[in-house]
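Q: pasted the sequence and its predicted model underneath.
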Amino acid sequence: MKPVLSVIGTGYLGATHAACMSSLGFTVIGVDSDSAKIDQLSRGELPFYEPGLEELLRQQIASGRLTFSTDFAIISNADVHFICVGTPQKENSLAADLSFVKGAIASVAPHLKSGSLVVGKSTVPVGTAQELTAILRAIAPQADLAWNPEFLREGFAIEDTLRPNRLVVGVTNDRAEHILKDVYAPILELGTPWIRADLPTSELVKVAANSFLATKISFINAMAEICEAAGGDVTVLAQAIGYDPRIGNKFLQAGIGFGGGCLPKDIRAFMARAEELGAEQALEFLREIDAINLRARARVIDVVRSMLSADLTSYKIAVLGAAFKPESDDVRDSPALDIAAQLHAAGATVTVHDPKAMAPAQKRFPTLNFAQSSQDCVADADIVLHLTEWKEYREIDPSLFKTLVKRPLIIDGRNALDRAKWTAAGWTFHALGRKN
Ligand code: UGA
């Protein structure tokens, strides 16, 4: 008999995990205290954009295996409980806010049947799982806790969940490992590497991986700064170093840097935790990674000023892209939207377009202008900023767009447009980290 699963927290991670586990044949109960979200999911509607996920959600609801509820008592039918709630950055510090994770443990504990396994998937500071075990055992002495970090990327959530490049489980005993091997059997059959770790190592794997990815991006953006100063080309440099398999060619796309709900807050929470542990020196470099990342945004604004004027008040600026990356409608700590907001604060008239993230962007920055199409966005603009590399923007006809703008000036903040095509059409094209 397959174990019955519950998923606590039905945001990005939880909704994806619930639908994917159901697609593997498990009965899954998704629980969240947000009744609007649960109503929406129950109707087969996804509260965010993720390619293919809404279709999968509908299929799984129709199969009868996937249900959603706001009532925690319902989880008493389940054997394994995945904690998928968020751990955002605290308002007034770099540290992660653990109130949702602690709340989730307190909410599930009274309903656990004997022998239940609670499995944390949220990204947490090292040492949290041990602390949560104590909270859990105080209410449900028989229950066990494991940690199973998630590595999915937005835009590839289904693929990364069903065909991950590794499964990492932090456990304190063989029984917990056996339960998790049973749950993940269909994925293990694909030859997926399985890594058993202790609780602190499993927590650390996640933040170490995100810190490494952030470091790669800031490294190439630091090289972009040097290339600009020395007259080099960062895209050629990235290609050349990427052929060394020890370096690899992924995550070396220079531009306006990383954003989203994960990389920025994870490196900050990691630094905060290291300080608590008295090991802050070890992660001092992450402060620089964060600074390089934020500098990439500021550099774009400097370029805008150099191409227009120091005083931006009389200029119309078109921003193509609001999401933190393509194939997502997530605008959390989005570099594109941050730049748009900073230009607006500097007095420019800023109009934003995004294929998917218009509603969340508008909610976050209601004072910006929003255009329903990229053509409307650039109408009469003094300068165009390409800040999220959607396919739709790569397919723009620069000759047509030249007839729409006031001046044919463009900054490619993602090094993703075909410069030759734009310059041939008569545009002044500024690329980050390349000769201009
Ligand atoms: C990231 C990790 O890649 C996932 O493995 C992890 O599971 C997830 O965080 C998480 O912690 O939940 P995600 O936030 O979806 O995934 O986005 P990424 O694809 O990592 O991109 C992050 C940011 O870096 C984006 O703003 C992207 O535009 C930027 N980026 C990425 C670059 O500027 N250059 C690159 O070469 C790659």
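A: Now that the structure is in, tell me what you want to look at. Residues are numbered from 1 along each chain as shown.
Q: ok, residues contacting the one helix or strand Val352 maps to?
A: Assigned by DSSP states H and E, Val352 belongs to strand 349-353. For strand 349-353, contacts defined as C-beta atoms under 8 Å, 6 or more residues apart in numbering pick out 315-322, 337, 340-341, 343-344, 358, 361, 365, 368-374, 376-377, 381. Yep, even glycine has a C-beta here, placed from its N, CA and C like the rest.
Q: which residues does Lys216 contact?
A: Lys250, Phe251, Leu252.
Q: whoops, I mixed them up, Ile29
A: Val4, Leu5, Ser6, Val7, Thr67, Phe68, Ser69, Ile74, Ile75, Asn77, Ala78.
Q: just confirm it is within a strand.
A: Yes: under DSSP: H, G, I helix; E, B strand; the rest coil, Ile29 falls within a strand.
Q: bridged to it, which residues?
A: Ser6, Thr67 (DSSP bridges).
Q: domain parsing of the chain, as residue ranges.
A: 5-197, 207-288, 290-431 (automatic domain parsing).
Q: export these as a markdown table, with columns for distance to the ligand.
A: Output for the domains of the chain, formatted as a markdown table (distance: least, C-beta to the nearest ligand atom, whole Å):
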| stretch | distance to the ligand |
| --- | --- |
| domain 5-197 | 4 |
| domain 207-288 | 3 |
| domain 290-431 | 4 |
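Q: and these as JSON lines, adding mean pLDDT?
A: JSON lines is the format used below for those (pLDDT from 0 to 100):
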{"stretch": "domain 5-197", "mean pLDDT": "96"}
{"stretch": "domain 207-288", "mean pLDDT": "97"}
{"stretch": "domain 290-431", "mean pLDDT": "97"}
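Q: got a list of what Val119 touches?
A: Neighbour list for Val119: Val80, His81, Phe82, Ile83, Leu145, Ala146, Trp147, Asn148, Leu180 [criterion: C-beta under 8 Å, 6+ apart].
Q: for Lys250, that is, sorry about that
A: Taking C-beta under 8 Å, 6+ apart as the contact definition, Lys250 lies against Lys216, Gly242.
Q: part of a helix, is it?
A: No: Lys250: not assigned to a helix; according to three-state DSSP it is coil.
Q: residue boundaries of the helices in the stretch 151-300 of the chain?
A: 157-162, 174-183, 185-188, 199-230, 234-242, 263-276, 284-307 (DSSP state H, counting those that start in this stretch).
Q: what lies in contact with the last one?
A: By that I understand helix 284-307. Against helix 284-307 from outside (C-beta under 8 Å, 6+ apart): 211, 214-215, 217-218, 221-222, 224-225, 255-258, 264, 267-268, 270-271, 312, 317, 335, 338-339, 342-343, 346, 348, 383, 385, 387, 409, 411, 413, 428, 430, 432.
Q: among those residues, which ones are buried?
A: For these, a burial check counting by 16 or more other C-beta atoms under 10 Å picks out 211, 214-215, 217-218, 221-222, 224-225, 255-258, 264, 267-268, 270-271, 312, 317, 335, 338-339, 342-343, 346, 348, 383, 385, 387, 409, 411, 413, 430, 432.
Q: tally up the residues packed near Ser99, please.
A: Residues lying near Ser99 (other C-beta atoms under 10 Å) number 12.
Q: please, where are all the helices along the stretch 301-436 of the chain?
A: For the stretch 301-436 of the chain, the helices defined by DSSP H, counting those that start in this stretch occupy 335-345, 358-364, 374-378, 391-394, 398-402, 419-424.
Q: name the stretch among those helices that sits most buried.
A: helix 335-345 (a mean of 22; mean count of other C-beta atoms under 10 Å).
Q: from the contact counts, what lies against that helix?
A: Applying 3 or more C-beta pairs under 8 Å, 6 or more residues apart in numbering; DSSP states H and E, we find helix 335-345 packed against helix 284-307, strand 316-320, strand 349-353.
Q: mind listing what's buried in the last one?
A: In other words, strand 349-353. Applying a neighbour-count criterion of 16+ other C-beta under 10 Å, one finds Thr349, Val350, Thr351, Val352, His353 buried in strand 349-353.
Q: ok, the first one next?
A: Of all the residues in helix 284-307, those buried under the rule 16+ other C-beta under 10 Å are 286, 289-290, 292-293, 296-297, 299-301, 303-304, 307.
Q: would a markdown table of those residues with distance to Arg153 be doable?
A: Formatted as a markdown table, these follow (distance: C-beta to C-beta, whole Å):
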| residue | distance to Arg153 |
| --- | --- |
| Leu286 | 20 |
| Ile289 | 19 |
| Asp290 | 20 |
| Ile292 | 22 |
| Asn293 | 18 |
| Ala296 | 20 |
| Arg297 | 21 |
| Arg299 | 26 |
| Val300 | 24 |
| Ile301 | 28 |
| Val303 | 29 |
| Val304 | 30 |
| Met307 | 33 |
